[in-house]
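In: Kindly return the folded structure for what I paste below:
(chains A and B)
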Amino acid sequence: MVTNKYFILLLSLSFIIFSSSCGKDKVFCANTKYGFNLNAEIDKDLDSITTSDTIYLKIKASTTLIDSQTGKEINYSNAKNLGMVLTLLKVTDVNSTVGAIKDFELLSLKGSLVTPVLNDSYREFLFAEEEQHYVFTLGLKPKVKGNYAINLSDASNVFRSNDKCTKAFFEITFANTDQHFNFLKTWSPNAILDEVGKVRVYYFKVY
Amino acid sequence: MQASSSANSPYGTKTDGNSGIIALGKGWAYYMGSHLTDQRYGSLCGEVGENRSTYRNNSPLLNLSSQLNALEGFNPSLTIDPFYWIPQGLFYDLKDTRNETILTGGSVDDAVSNYSNSQMFNAFGSSITTLQGYRNNLLLLNSNNQATQINTLLSSYGY
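Out: Numbers count the residues shown, from 1 in each chain, chains lettered A, B, ... in the order given. Here you go, the predicted structure:
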């Protein structure tokens, strides 16, 4: 009983000591060296669309990025696993949501869907790289009417084809997009959207 | 997506034989390291530069240090992350009162709250080598406190 508990303790302690001192050690590839920011936009960011409309989620960023910790430009091209989880929810009443992936036709125009997928709420995508840029364009064509929310994830432990050890973290947030927070006043009047939500969520209505 | 062995170094993959105990040990290590740093330094915490860059004090969540923001920001659904299977935020989720899914569609359905560090630590034992085993023992030792919510939380983490 005691042995395994202390094994966990030892493992934890060794991780803390090891990870604090060996960021440059190629044997230990768990540390993240760089932090970058990517902006996502919705085209067109109308608060309400019809079932015959399509909106497009777009990301385009240079492969040379500013490291958030040092402020230095870093060429981080050839990323092997840069992508994100896109969550789609239908707001059913003021306090609940359900997965809404099946309510949309997803058109992966730039980037690709990661398979297999067995969830009603989200899909995982990889971004593409073209002409020294990371690009992602996803069309969302609604099939049914309702109130919806799109949520973006960050990308963690991103590595490159030619260097699988040096990891990067990509914070992915909305920019230059009206995220229609005004819907919350009617959909969930008492709710307070925290700072995580404010930069990663997009609300819209299909009528 | 199956990442290469060096991308997964040193922990391996979720399907490796020892992944259960690694997930438990590493998950606890992430939590305890962040918890103790938060307790000791609080608002003096620096940016989290190891494994989870860009988290800062009060950002994105107000009143959380960079350490706790990093735990809350972990997304276990991102399987293209070679370490997605190590539940970095699990133990903090057992303790805190915030549910990541509310209004934002965050990936962790965390309706569990107020488990203490001693309750969580006491659920480790010699026979506990998987997340499922840990969950069962945690519930056994705590009169099935919030059992439904814990099952949902573990499911969010892929277990």
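In: Lowest-scoring secondary structure element of chain B by mean pLDDT?
Out: helix B:5-8 (a mean of 78; mean pLDDT, DSSP states H and E).
In: check whether that one contacts chain A.
Out: Yes. Helix B:5-8 is in contact with chain A by Cβ under 8 Å from any Cβ of the partner chain, via B:6-8. C-betas here are computed from N, CA, C, even on glycine.
In: Mind giving me the packing neighbours of that helix?
Out: In terms of contacts (3 or more Cβ pairs under 8 Å, 6 or more residues apart in numbering or on different chains; DSSP states H and E), helix B:5-8 is packed against strand A:163-174.
In: Can you mark which positions in the helix or strand following the strand it packs on are buried?
Out: Sequence-wise, the next helix or strand downstream of strand A:163-174 (DSSP states H and E) is helix A:184-187. Buried residues in helix A:184-187, defined by neighbour count with 16 or more other Cβ atoms under 10 Å in any protein chain shown: A:184, A:187.
In: For chain B, what's the nearest residue on chain A?
Out: Here chain A gets closest to chain B at one residue, residue A:35, 2.9 Å apart by Cβ to the nearest Cβ.
In: Which of the helices and strands in chain A ranks last by mean pLDDT?
Out: helix A:2-19 (a mean of 54).
In: State the number of residues packed around residue B:146.
Out: Residue B:146 has 18 neighbouring residues, counting by other Cβ atoms under 10 Å in any protein chain shown.
In: Just the pLDDT at the closest residue to it other than its chain neighbours, thanks.
Out: Spatial nearest neighbour of residue B:146, excluding adjacent residues (Cβ to Cβ, 6 or more residues apart in numbering or on different chains): residue B:112 at 5.1 Å. With respect to pLDDT, residue B:112 scores 93.
In: for residue A:27, same thing?
Out: At residue A:27, pLDDT is 55.
In: Check residue B:92 too.
Out: Predicted confidence (pLDDT) for residue B:92: 94.
In: Pretty sure it sits against residue B:35.
Out: Yes. With contact defined as Cβ atoms under 8 Å, residue B:92 reaches residue B:35; the gap is 7.4 Å.
In: Who has more neighbours out of those two?
Out: Set residue B:92 next to residue B:35 and count neighbours by other Cβ under 10 Å: residue B:92 wins out with 25 against 17.
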